[in-house]
Structures are given as structure tokens and as C-alpha cells.
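Visitor: Curious how this folds, go ahead:
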Amino acid sequence: MTRRAGFALSLATVLLASTAAVAQDAASDATASATVHADRPGPVMARQVFGQFAEHLGHGIYGGIWVGEGSKIPNDHGYRRDVIDALRAIKVPTVRWPGGCFADEYHWRDGVGARGKRPVKINTNWGGVNEDNAFGTPEFMGFVERLGAEAYVSANVGSAPPSETAQWVEYMTSPNGSSLAKERAADGHPAPFKVPYLGIGNELWGCGGNMRAEYAADLTNRYAAFAKSGSGKMRKIASGPSDSNYEWTDTLMRLSGKHIDGLSLHYYTRPRDVHWNDKGAALGFPESEWASTMAHTLQMEEFVTKHSAVMDKYDPAKKVWLVVDEWGTWYDPAPGSNPGFLVQQNSVRDAVVAGLNLNIFAHHADRVKMAAVAQMVNVLQAMLLTDGAKMVKTPTYWVFDLYLPWMDATTLPIEVTSPWYHKDAVAVPAISASAVRDTAGQVHVALVNLDPNRPIPLSMALAGVSATSVTGRIVTGATMDAHNSFEQPDAVKPVAFTAAQVAGSTLTATIPAKSVVVLDLR
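Guide: Now for the predicted structure:
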């Protein structure tokens, strides 16, 4: 991630321009209708779409994941037990590390060998604090092993030569015999690590080197050529665009498309979009900023659609993944916190944002094959927050819990006609939806009502679904900024949703305001 200049967004045009949602004015109809086409199955939604991002930033790693073996906080060889247990419960599929902007100043040798002898450096991107490299490659690999997740490692392209990336990959993946493999064994890991995904730099247009797209493509080809895994297939993910930079996508696909397996996309939702350092507060915000947050989030649909169309020109077979490996909300830092630590609370607003994004990714499951919410613990739109020995699960965490059936499930086309939510200059469809048939054959439907004030009745036709009953769960809150604190850790959590019925081939429900609902059809 990087600090970027502000960009102007047209709220009036954020209207979900996809077949997944067709809006109509609330004045003419205050109800929503939908059709799930289970008789026309779509592509599989890869579990990697539910990936996470863990950067050396604030307390994302130190205090959030790693406390060291000598800590009084219950730990497993230095890893927080509560964090490990919570993340295992939502089956985190991939973890991207070590950055972010941090990655292009990270030299892997600083994080191997005896911890007490590793160099101490300054984290120049995030807070100017000391980085003692206690959490390096062996620790990261131990972390993903404990989660049962896959490693997504970001290589340093901005400030290191390709030989450094090649040697790092060899250290991690080479079978026994080479000098670097012996070094890895001396660090306690005789067997090669599995590295299914390698990022070729991060935000090369920004903090990764302020490069032109053509130069970035040349470097991508060069680094990709010399990074050779010794243990299985390693997908190489190029540093792709931010937001609406379609020219970057065109250049990278034209010049590097045959050398890469994925192209990243970064997009952050901000309530205010004029000045980068004035994003809006995480709590205590007015409804106008709820509305702008929803409108900006829905622009993900436009960005994914248009970047995918550019990729289709050069890769009609869709072999190159679109990897949305930084997404989420970005607000002003919490009062009193180090501004470089990107600390923010996580509320019902963030839960709704998460549901909207996951539905959009489901609509584009043919191209979006991996993603990473930013970030995992204590940073931006975090899954978990910690304070000493305390840990709390955020509303975003619980949305990921609701969407567990979407992992490796077959997406089902869903058409939605929705009332509009109006606030000031914002007009967006109130209802977002996605549907899947899971690996066991059960159909699930996700429904997000982004209107913070109005429950919306829904009638849904079930084409190709034989169901006689429906159960569900909901995440919502009493206020727009309802959240979980260390004092009230369960203020926002899933509860049973009983306001849905199935009669014949029709499902009816009333979707409460500011909510994420997942229904299970039987």
C-alpha cells in the first residue's frame, strides 16, 4: 500500500453497471425482487478470494500476530494463540506478506538466522519505528502453516536486484542440497517451504519506485525470469494498477502478459475523496459519509469490469488472474494513535462494505481468482483487534464467517431489481446479492442492504432450486457505527435470521437496514 494523491469520484454514476444488479427508483417501488439461476451455474469462486494481508505496519505483525516465546500472552512458539484460533475458524486461505510499501525496502536476509543477531532497521514507511526483524521468513512460514493457509510472498523489486529475489525463492523452495537449502535447514526447516504465489514488487507506480508502466513491465519480465521455484508451481503476480488506471493494465498485459500468472489491483474505499489526508472518521460519522462510503465501494464493480475487459484483449482464455490484493476501507487514524500505524475501528459500515465487495468478486469469479483484505490484524479494515492480552473479532471478521460457503463454490447468476438508496448527491441500489452452490450441493444466497434506515422486502424466484426450508444468519447493529470494543466484544456478531420463508419456487424475506444476511436453502 502507499499514500496516494486524491482522486475524484462521480457519486452520481456509481450505479452497479453489471447484470448482477438493476436498480429502480424507490419512489415507484419500495420492494426488491430477484431471481437465482441455479439452472445456469457459473464459474467457481476460488477460496483464495478470501485471502488476507499482513504487512510490517503498526501492530499488524508485532503484538497482533507475533509476541515471542517469552510473552505472558498465551502463544504457540511466539504466535498468539487467540489470533491463530480465530483465523483458523474462518479458514484463511492465503496470507500476503511482508507488504505493501514495506516489501520494496525489505531484504530477506535481515529476517533469517538467529533472531538475536538479526539487524535492527527503521520502518521508514510506517511510523519511523524500529524493525528488529524478529518476524522473518521462517516465522511467516510457521504462521501460514499453523493457519493451514498458502503463502503469498511479495518480492523487493524497488530497491533490490533480481538476484536477491532469486536467492530468496531458492532459500524458501530449494530441495535439500544447495547451500541456501542448507541455510534454511540450519534455521530449523529442512524441508522446502511451499510458495504458491510470488508478488513481483508492490505498487511500482508509487511507493515501489514511481515507475512508468513500460519500465515496470520490463522489470516484471526480468524478475519473473530469474525467480524459479524448486518445489511446485509458483504463480507470479505482477504489480498491477490502482483504481481506474486502465493504461497501466493495458501496458502490463501487452508487454508482460505471457510472463505472468496474475495482475494485482488495489482499491481503497474512503468516505471523503478530495484530499488524501482527510478521509473521514471511522466512528461518529454523519449519514452523508455512510452514503459516500457505499458509493465509493460500489465503484469496485466498475474497476473490476473494465480492468477485466482490458485483460481479455490479451488473454481471452483468462489464464492470468486478476488479484485484488489490497481492498477495504481507509479512514483517518484513530485519535491519539501513531498516524503511521493506520489504526481504525471497524463498524457495521465496514461489514456492509465487506459484503458488497465479496458480492462483486463473486460476480467476476471468472477473472478474480485471489484477493486480500487490508489488513489482517490491527490495521485498516482488520479482521481482529488486539490490545495486550485482549483480542476482539470485528464486524468484518463476522462477514467473512458468514461467507464461508462461498469458498470453492460454484457461483449462480442472480438478477436483482432494487430500490435506490438516496442521500444528498448519492443514489445507489440498496440491495446487493450473490449466490452459490457449495461443494456439498447446498445453495446459499447473500443479501446486503446498504440503506441505513429502511428494511426492504424481497421476493426471490428460485430457478433450478428445490428447497423446502431456509435458515440464515445476519450481521447488523443498532447504529451505523456499531462496533465491537474490548469492553463490549460481542456488540456486533451474527445472530439467527428468521424473517425468510420458502413457498414453492419463491423465497420471501425482509432484509433489515444496514445488514448482511446469508441464507441457506434446504
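
Visitor: Okay, buried residues for stretch 470-483 please.
Guide: Taking 16 or more other C-beta atoms under 10 Å as the basis for neighbour counts, the residues of stretch 470-483 that come out buried are Val470, Gly472, Arg473, Ile474, Val475, Thr476, Gly477, Met480, Asp481, Ala482, His483. In short, each C-beta sits where N, CA and C put it, glycine included.

Visitor: now do stretch 403-415
Guide: Tyr403, Leu404, Pro405, Trp406, Met407, Ala409, Thr410, Thr411, Leu412, Pro413, Ile414, Glu415.

Visitor: got the contact list for the nearest residue to the fifth one once chain neighbours are set aside?
Guide: Spelled out, that is Met407. Spatially, and ignoring its direct neighbours in sequence, Met407 is nearest to Arg47 (3.7 Å; C-beta to C-beta, 6 or more residues apart in numbering). For Arg47, the set of contacting residues under the criterion of C-beta atoms under 8 Å, 6 or more residues apart in numbering consists of Lys91, Pro93, Met407, Asp408.

Visitor: Repeat that for Ile65.
Guide: Ile65 touches Ala54, Tyr79, Arg80, Val83, Phe135, Phe143, Met376, Val377, counting by C-beta under 8 Å, 6+ apart.

Visitor: Any figure for the gap between it and Leu519?
Guide: If you measure Ile65 against Leu519 using C-beta to C-beta, to the nearest Å, the figure is 34 Å.

Visitor: One more: Arg454?
Guide: With distances defined as C-beta to C-beta, the gap from Arg454 to Leu519 amounts to 20 Å.

Visitor: ditto for Ala372
Guide: Where Leu519 is concerned, Ala372 sits at a distance of 27 Å (C-beta to C-beta).

Visitor: who's more crowded, the two?
Guide: Neighbours per residue (other C-beta atoms under 10 Å) separate Ala372 from Leu519, with Ala372 holding more: 27 against 23.

Visitor: The more buried one sits in which helix or strand?
Guide: Remark: Ala372 resides in strand 368-374, with elements defined by DSSP states H and E.

Visitor: and what of Met141?
Guide: For Met141, the enclosing helix or strand under DSSP H and E is helix 137-147.

Visitor: contact partners of the strand holding Ala372?
Guide: Defining contact as C-beta under 8 Å, 6+ apart, one finds that strand 368-374 is touched by 1, 46, 48-53, 94-96, 152, 197, 237, 262, 268, 304, 308, 321-328, 354, 361, 380-381, 383, 396, 400.

Visitor: I'd like to know which of those are buried.
Guide: A residue is treated as buried here by neighbour count (16+ other C-beta under 10 Å); on that basis the buried members of the contacts of strand 368-374 are 1, 46, 48-53, 94-96, 152, 197, 237, 262, 268, 304, 308, 321-328, 354, 361, 380-381, 383, 396, 400.

Visitor: mind listing the helices for the stretch 51-200 of the chain?
Guide: Counting by DSSP state H, counting those that start in this stretch, residue ranges of the helices within the stretch 51-200 of the chain are 81-89, 137-147, 162-173, 179-186.

Visitor: How many neighbouring residues does Gly336 have?
Guide: Around Gly336 there are 6 residues (other C-beta under 10 Å).

Visitor: measure it to Met391 for me?
Guide: Using C-beta to C-beta, one obtains 20 Å as the distance from Gly336 to Met391.

Visitor: just to revisit the earlier point, now the buried residues of stretch 470-483 in JSON lines, with pLDDT, secondary structure and distance to Pro175?
Guide: Shown next, in JSON lines, are the buried residues of stretch 470-483 (pLDDT from 0 to 100; DSSP: H, G, I helix; E, B strand; the rest coil; distance: C-beta to C-beta, whole Å):
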{"residue": "Val470", "pLDDT": "97", "secondary structure": "strand", "distance to Pro175": "51"}
{"residue": "Gly472", "pLDDT": "98", "secondary structure": "strand", "distance to Pro175": "49"}
{"residue": "Arg473", "pLDDT": "98", "secondary structure": "strand", "distance to Pro175": "46"}
{"residue": "Ile474", "pLDDT": "98", "secondary structure": "strand", "distance to Pro175": "50"}
{"residue": "Val475", "pLDDT": "98", "secondary structure": "strand", "distance to Pro175": "46"}
{"residue": "Thr476", "pLDDT": "98", "secondary structure": "coil", "distance to Pro175": "51"}
{"residue": "Gly477", "pLDDT": "98", "secondary structure": "coil", "distance to Pro175": "52"}
{"residue": "Met480", "pLDDT": "98", "secondary structure": "coil", "distance to Pro175": "54"}
{"residue": "Asp481", "pLDDT": "98", "secondary structure": "coil", "distance to Pro175": "52"}
{"residue": "Ala482", "pLDDT": "98", "secondary structure": "coil", "distance to Pro175": "52"}
{"residue": "His483", "pLDDT": "98", "secondary structure": "strand", "distance to Pro175": "48"}
